[in-house]
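Novice: below is the structure, and that's it, no one-letter string:
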């Protein structure tokens, strides 16, 4: 299913150029135009889905199932010392293209151009508070 205004749907259909890394019946992977680090690859489902919240289970299985294969190919081709897998959902999280996608970002050292840090709040929550948070999520699972 294609969305007419979607940049990634146009890439899948060949209307826009890409440097293809991998393709099967369900997934398309290509080089990110920004190349945050050498080998930075995007993995997208061929079925248009806006983000993780809108993704059906079958699409997710096919999409997530392809990631280790592509990640291992990046490891073999570029020999990074690590790999970040990044997914942004909605504006506040930094999503700019509204078609589900993973960034596979090879890591080479602390100065490779990628900076991904967050604040650790482990001392801000008690075990009981963490259990209450977990319960809220568990109860919302359908």
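Specialist: Received the coordinates, thanks. These figures come from a predicted structure and were not determined experimentally.
Novice: now the helices for this protein?
Specialist: In the chain, the helices defined using DSSP state H lie at 7-12, 57-78, 127-140.
Novice: tell me the contacts of residue 8?
Specialist: 44, 48, 97, 99, 101 (CB atoms under 8 Å, 6 or more residues apart in numbering). Yep, even glycine has a C-beta here, placed from its N, CA and C like the rest.
Novice: wait, which of those is closest to residue 69?
Specialist: Using CB to CB, residue 44 is the member of these that lies nearest residue 69, at 14.6 Å.
Novice: for the helix or strand bottoming out on mean pLDDT in the chain, what is the distance to the chain centroid?
Specialist: Least confident helix or strand, the chain: helix 127-140 with a mean of 94, by mean pLDDT, DSSP states H and E. Here helix 127-140 is found 26 Å from its chain centre; the criterion is CA atoms, centre = their mean, to the nearest Å.
Novice: use 29 as the first number for this chain going forward.
Specialist: In the new numbering, first residue 29, that becomes helix 155-168.
Novice: just checking, what packs against it?
Specialist: In this structure, helix 155-168 makes packing contacts with no helix or strand, judged by 3 or more CB pairs under 8 Å, 6 or more residues apart in numbering; DSSP states H and E.
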